[in-house]
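Visitor: From the sequence below, what's the structure:
(one chain, ligands or ions: 2)
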Amino acid sequence: MSSFDITVIGSGPGGYVAAIRAAQLGFKTAIIEKYPTLGGTCLNVGCIPSKALLDSSEHFHNAAHNFENHGIEINPPKANLARMIERKQEVVDQTTGGIKYLMDKNKITVFEGVGSFESATKVKVTKNDGSAEVIESKYTIIATGSKPSSLPFINLDKERIITSTEALKLKEIPKHLIVIGGGVIGLELGSVYLRLGSEVTVVEYMDKIIPGMDGTMSKELQKVLKKQGMKFQLSTGVSAVERNGDNVKVTAKNKKGEELSFEGDYVLVSVGRKPYTEGLGLENAGVELDERGRVKVNDHLQTNVTNIYAIGDVVQGAMLAHKASEEGVLVAEQLAGQKPHINYNLIPGVVYTWPEVAGVGKTEEELKEAGVAIKVGSFPMRALGRSRASGDIDGLVKIISDAKTDEILGFHMIGARAADLIHEGVTAMEFRASAEDLARMSHAHPSYAEAVKEAALDATEKRPLHV
Ligand SMILES: Cc1cc2nc3c(=O)[nH]c(=O)nc-3n(C[C@H](O)[C@H](O)[C@H](O)COP(=O)(O)OP(=O)(O)OC[C@H]3O[C@@H](n4cnc5c(N)ncnc54)[C@H](O)[C@@H]3O)c2cc1C
Ligand SMILES: NC(=O)c1ccc[n+]([C@@H]2O[C@H](COP(=O)([O-])OP(=O)(O)OC[C@H]3O[C@@H](n4cnc5c(N)ncnc54)[C@H](O)[C@@H]3O)[C@@H](O)[C@H]2O)c1
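Guide: Ligands and ions are numbered 1, 2, ... in the order given. The predicted structure follows:
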């Protein structure tokens, strides 16, 4: 029987990063992945392929709608979805191949098959052909991730009634895509097909889209997406989804109790994801789950079985790739006797629509509910020379600071390149900067980052320079 110091089950951004860090620290490390390619949800059917399609569709949208204004005249461009999907797969293959390289480089043993606990120290790996082997480990890290969730009355046929996984490989551009759930997946993948010419209707249960993010961002994003042609039906709960040949019908009720129905050719179900623990044999090791089916862990990401840890989407907290990776590093370093720490308040969240939305720290709603006295500063992107030069004038930066100390408590933005600019907020908040600290730093001109300086000036002393 082969034996290891650390075995990781699942090769997503949680698992593969945990394995690399463990190997760097000198542990004899193995990783088990049930699929032939490494990288988990994020690299195969999540972050990377969705961003590849978002970028391709954004190029098409710009060619169709914005080039002319820049003085570039072309015949009306044509979207070749098959090529976009093929390119997406090339990007995925390259990226997942890179993980295989990293496993080899770090001398991590890769087992392909389903990992299932036989006991607290033994995991059986069952290959596709049914053959199996048992490996023994001092420590095991569960990093099995998540799967799309659905609604009890929906029959996901994966052809017309689909999840994100199928939406990343459609064979045609939908005529009318009905999106159930106006969260991150619904708006990102809804944007892909909207840009390619689909009619897109988003049916959302709450009274706002991206409900977890700062309210100003959700309002502004809805306004901008509406301008791009996306339709929204908020405060509306779906009660039935039917397929009839190539058509689909979604029935829903709004808050006034009125029944509504939407007809289209595809329905994307994007109502969240659920932890994935099927077939893991947790009962054989005695590992407990919480009330929401997540592996229960303490502050050290240790389960109730002392030599078994769990990280990423399968445990509590934001279902984000970078959160999973931070947790992988934390567990490996703890096992090496180090004292790592994750500041969960400073894990940024990004929505890759265009414009992008990003946030870190607390939202205005959370701070008000907690009774914290705050100052709020904001600055519109349209007032920047950089935005006017590119034509990306939608959006704003909003900085929330403590009314007494001026420490930045929340940093939110919607606008061009927000996914990258948010890290100015992350860095500032990690070093507990005040809004005035940011306001007094020189920001290159012309740049989108100037909106940060201006919003900080507005937060600290209500004296922005350019509005
Ligand atoms: C469409 C989409 C877009 C996304 N975009 C982003 C984004 O832009 N940014 C972001 O931060 N997050 C994004 N996410 C979320 C992100 O993908 C997850 O948060 C992240 O993948 C979680 O990592 P993980 O390592 O916990 O699990 P996963 O990536 O889910 O990996 C778990 C792995 O474990 C394997 N596994 C499960 N059970 C077993 C078993 N018993 N034996 C062996 N292997 C097993 C699975 O096959 C899988 O490969 C997106 C998700 C989706 C669906
Ligand atoms: N850019 C990114 O970081 C990124 C991209 C994609 C996915 N993800 C992660 O994947 C996870 C899953 O994404 P998601 O978009 O499926 O979930 P989500 O939680 O972001 O959004 C789900 C939405 O569905 C709504 N909803 C729930 N039940 C409903 C119903 N019956 N009718 C109508 N609406 C309903 C919710 O109110 C919510 O707005 C998220 O946690 C996210 O963190 C991240």
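Visitor: On the pLDDT front, check the closest residue to Met413 other than its chain neighbours for me.
Guide: Counting by C-beta to C-beta, 6 or more residues apart in numbering, Met413 lies nearest to Val397, which is 4.5 Å off, once chain neighbours are set aside. From N, CA and C alone the C-beta is placed, and that goes for glycine too. Note for Val397: predicted pLDDT of 98.
Visitor: Gly359 and Gly349, how far apart?
Guide: Counting by C-beta to C-beta, to the nearest Å, the gap between Gly359 and Gly349 amounts to 5 Å.
Visitor: Overlap in contacts, those two.
Guide: Contact with both Gly359 and Gly349 is made by residues Met213, according to C-beta atoms under 8 Å, 6 or more residues apart in numbering.
Visitor: between the two, which one's more packed in?
Guide: Using other C-beta atoms under 10 Å, the more surrounded residue of Gly359 and Gly349 is Gly359, with 25 against 20.
Visitor: check contacts around the more buried one.
Guide: Gly359 touches 213-214, 217, 348-349, 410-413, 422, counting by C-beta under 8 Å, 6+ apart.
Visitor: and it, that one's in a helix?
Guide: No: secondary structure assignment (DSSP: H, G, I helix; E, B strand; the rest coil) places Gly359 in strand, not in a helix.
Visitor: Could you report the pLDDT at it?
Guide: pLDDT, Gly359: 98.
Visitor: Report how many residues lie close to Leu396.
Guide: By other C-beta under 10 Å, the burial measure for Leu396, its neighbour count, is 21.
Visitor: ugh, wrong one, Arg243
Guide: 16.
Visitor: Can you tell me which residues in the stretch 251-400 of the chain are near ligand 2?
Guide: On the criterion C-beta under 6 Å from any ligand atom, ligand 2 has as its neighbours in the stretch 251-400 of the chain the residues 270-273, 318-320, 350-352.
Visitor: sorry, back to before: looking at the contacts of Gly359, which one is closest to Leu289?
Guide: Gly349 (25.3 Å; C-beta to C-beta).
Visitor: give me every residue that touches that closest one.
Guide: The neighbourhood of Gly349, defined by C-beta under 8 Å, 6+ apart, consists of 212-213, 318, 320, 358-360.
Visitor: nearest spatial neighbour of Gly212, skipping sequence neighbours?
Guide: Nearest-residue entry for Gly212: Gly349, 7.4 Å, with adjacent residues in sequence omitted and distances by C-beta to C-beta, 6+ apart.
Visitor: CA atoms of the helix or strand hosting the residue nearest to Met413 as CSV?
Guide: In the assignment (DSSP states H and E), Val397 maps to strand 396-402. Once side chains and other backbone atoms are set aside, the C-alpha atoms of strand 396-402 remain, and they are given as CSV (Å, rounded to 0.1, in the frame of the first residue of the first chain):
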residue,chain,number,x,y,z
LEU,A,396,-18.4,54.5,-10.0
VAL,A,397,-16.1,53.9,-7.1
LYS,A,398,-17.5,53.9,-3.6
ILE,A,399,-15.4,54.0,-0.4
ILE,A,400,-16.9,53.7,3.0
SER,A,401,-14.9,54.7,6.0
ASP,A,402,-15.3,54.9,9.8
